[in-house]
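Q: quick one: sequence plus predicted model below, questions after.
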Amino acid sequence: MRRLSLPLSVLLLVGACAGSPSAPRQADQQAKRFDQPPPDRGALYVYRSGLMGMMRPLDISLAGGASAQLGYNTFIRVEGPPSQIDIVCKVADNTTNGQVQIQGGQTRYVEVLMNAWGWSPNCEVAEVPPDQGQVAVRSARRVEPQ
């Protein structure tokens, strides 16, 4: 049994490091306060919490140019003018699109997941209620969008 524990712990460590670089601790803590954006801006959290494919980051890009590689249990927070935001999630050769409408002063939460329907992995993009999104973000680490 000891033989399996070392390789598994190494795999979990590597999986935790996959994806975009971590945000500074202060930025992580600030995002977890869930401050409302000003009336002329909206905020969007995109997070990944599912265990499926935890070793492989998901490539996320948002209309307006922000992008990130979300590893297991990570999130980004972006702010911008109110609008419809297009969210693209890519894993392997498969791409999934989602959209969310953000009003001024509003915060929305989107979960991205990897699933294994068919022969290759796919992404799911789903808006979730604020309470569900906040629980997931509190236990995740913030990464820097590129």
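A: Thanks, I have it. Fair warning: this is a prediction, and the values are worked out from it, not measured in the lab. Numbers count the residues shown, from 1 in each chain.
Q: burial measure for residue 40, as a count.
A: Using other C-beta atoms under 10 Å, residue 40 has 9 neighbouring residues. (C-beta placed from N, C-alpha, C; glycine too.)
Q: please list all residues in contact with it.
A: By C-beta atoms under 8 Å, 6 or more residues apart in numbering, the contact set of residue 40 is 81-82, 104.
Q: part of a helix, is residue 28?
A: Yes - counting by DSSP: H, G, I helix; E, B strand; the rest coil, residue 28 is part of a helix.
Q: which helix or strand contains the most centrally placed residue in the chain?
A: The chain has residue 47 as the residue nearest its centroid, 2.6 Å off, counting by C-alpha atoms, centre = their mean. Secondary structure assigned from DSSP states H and E places residue 47 in strand 42-48.
Q: what helices or strands is that strand leaning on?
A: Using 3 or more C-beta pairs under 8 Å, 6 or more residues apart in numbering; DSSP states H and E as the contact test, the elements touching strand 42-48 are strand 58-62, strand 67-70, strand 74-80, strand 83-91, strand 94-102, strand 107-115, helix 130-138.
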